[in-house]
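[1] fold the following, please.
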Amino acid sequence: MLGLTNKRVFITGAASGIGRATAERFYKEGSELVLIDMPTLEAAELQSLFPNKMTYIQGDVTTLDVQNKIKAEAEKGIDVLVNNAGITRDATLLKMTDEQWDSVIAVNLTAIFKLTRLAAEKMKAQGRGGVILNAASVVAHYGNFGQANYSATKAGVIAMTKTLSKELGKDQIRVNAVAPGFIATPMVAKMPEKVLTMMEEKSPLRRLGKPEEIAAAYAFLASDDAKYITGTTLNVDGGTILG
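    You can find the predicted model right below:
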């Protein structure tokens, strides 16, 4: 166990994929969950997965309504915020619309800024520190064809993580990021076989990562085992970044 029992952990994008795996890991560690995601058929399933110590907020993290609901929950206490929610709207530069650019920036970067600000304010008032964890990506390091918007947000997340770790450290609030590589989420599983093979070949380990392996990184960084780690981006990518 990582000493996360009874910690109040907020996770955005929690209904599926990496977010759900992260929720499951913290639940196993004994944490109290506040899960945030869009209205989804998985809501009832989440309630059955986490029959106690779980609150579910449904809605878009870019909206003031959802942000206010998260703030209200944070007033009851917040120890860890996992900014996991993210979207893609892929297109090459000359085909990318303003809407595709703006929507990805809004979810993947601006929402992280706003939720981190409200979480940090409450963590500071509590006087016991806290942990903020941000979802980056290996594409932040080397870019990706057709993902100028997504890559820019993930590079921005890394820079923001470093900056906020400097600003919030005096209040014992640690800020770190996790940069996943190619992960076998339900969305990825729907891709053509040749694309999946290409993804696997980019990793020296010759396989896709598992959502549970990203969740393990989040749990470690939230724990006291990582209490002297801040401002760091942990690449969990099977060595993809080496290629």
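
[2] distance from the chain centre to the lengthiest strand in the chain, please.
    For the chain, the strand with the greatest residue count under DSSP state E is strand 173-180. Using Cα atoms, centre = their mean, to the nearest Å, the mean C-alpha position of strand 173-180 is found 9 Å from that of the whole chain.

[3] list the contacts of the residue sitting nearest the centre point of the chain.
    Of all residues in the chain, the one closest to the mean position by Cα atoms, centre = their mean is residue 84, 1.9 Å from it. Residue 84 makes contact with 11, 12, 13, 14, 18, 19, 22, 135, according to Cβ atoms under 8 Å, 6 or more residues apart in numbering. C-beta: built from backbone N, CA, C; applies to glycine.

[4] I'd assumed residue 213 was in contact with the fifth one.
    No: taking contacts as Cβ atoms under 8 Å, residue 18 lies outside contact range of residue 213: 9.4 Å.

[5] output the lowest mean pLDDT helix or strand found in the chain.
    Taking mean pLDDT, DSSP states H and E as the measure, the chain has helix 186-189 as its least confident helix or strand, at a mean of 76.

[6] rewinding a little: identify the contacts common to residue 18 and residue 213.
    residue 183.

[7] of these two, which one has the most company?
    Taking other Cβ atoms under 10 Å, residue 18 and residue 213 do not tie; residue 18 has more neighbours (27 against 18).

[8] for this protein, which segments are assigned as strands?
    For the chain, applying DSSP E gives strands covering 8-12, 32-37, 54-58, 80-83, 130-135, 173-180, 233-236.

[9] save the ones you listed as a markdown table, and put in mean pLDDT, distance to residue 116 and mean neighbour count too.
    Listed next are the strands of the chain as a markdown table, based on pLDDT from 0 to 100; distance: least, Cβ to Cβ, whole Å; neighbours: other Cβ atoms under 10 Å:
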| stretch | mean pLDDT | distance to residue 116 | mean neighbour count |
| --- | --- | --- | --- |
| strand 8-12 | 98 | 11 | 25 |
| strand 32-37 | 96 | 14 | 25 |
| strand 54-58 | 94 | 16 | 17 |
| strand 80-83 | 98 | 7 | 28 |
| strand 130-135 | 98 | 5 | 26 |
| strand 173-180 | 98 | 8 | 25 |
| strand 233-236 | 98 | 15 | 19 |
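
[10] got the ones you listed as CSV, with distance to residue 226 columns?
    Written out in CSV, the entries for the strands of the chain read as follows (distance: least, Cβ to Cβ, whole Å):
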stretch, distance to residue 226
strand 8-12, 15
strand 32-37, 20
strand 54-58, 24
strand 80-83, 11
strand 130-135, 8
strand 173-180, 8
strand 233-236, 9
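
[11] and residue 146, which of those strands is closest to it?
    Comparing the strands of the chain by their distance to residue 146 (Cβ to Cβ), the top pick is strand 173-180, with 18.3 Å.

[12] how about that closest one as CSV, C-alpha atoms only?
    Coordinates of each C-alpha in strand 173-180 appear next as CSV, following Å, rounded to 0.1, in the frame of the first residue of the first chain:
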residue,chain,number,x,y,z
ILE,A,173,2.0,21.1,-3.0
ARG,A,174,3.8,18.9,-5.4
VAL,A,175,3.1,19.1,-9.2
ASN,A,176,4.2,16.4,-11.6
ALA,A,177,3.2,15.1,-15.0
VAL,A,178,3.0,11.7,-16.6
ALA,A,179,3.7,11.3,-20.3
PRO,A,180,2.2,8.1,-21.6
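
[13] how about the nearest residue to residue 20 once chain neighbours are set aside, phi and psi?
    If the residues on either side of it in the chain are set aside, residue 20 comes closest to residue 14, at 6.2 Å by Cβ to Cβ, 6 or more residues apart in numbering. Main-chain torsions, residue 14, degrees, to the nearest 10: phi -90, psi 0.
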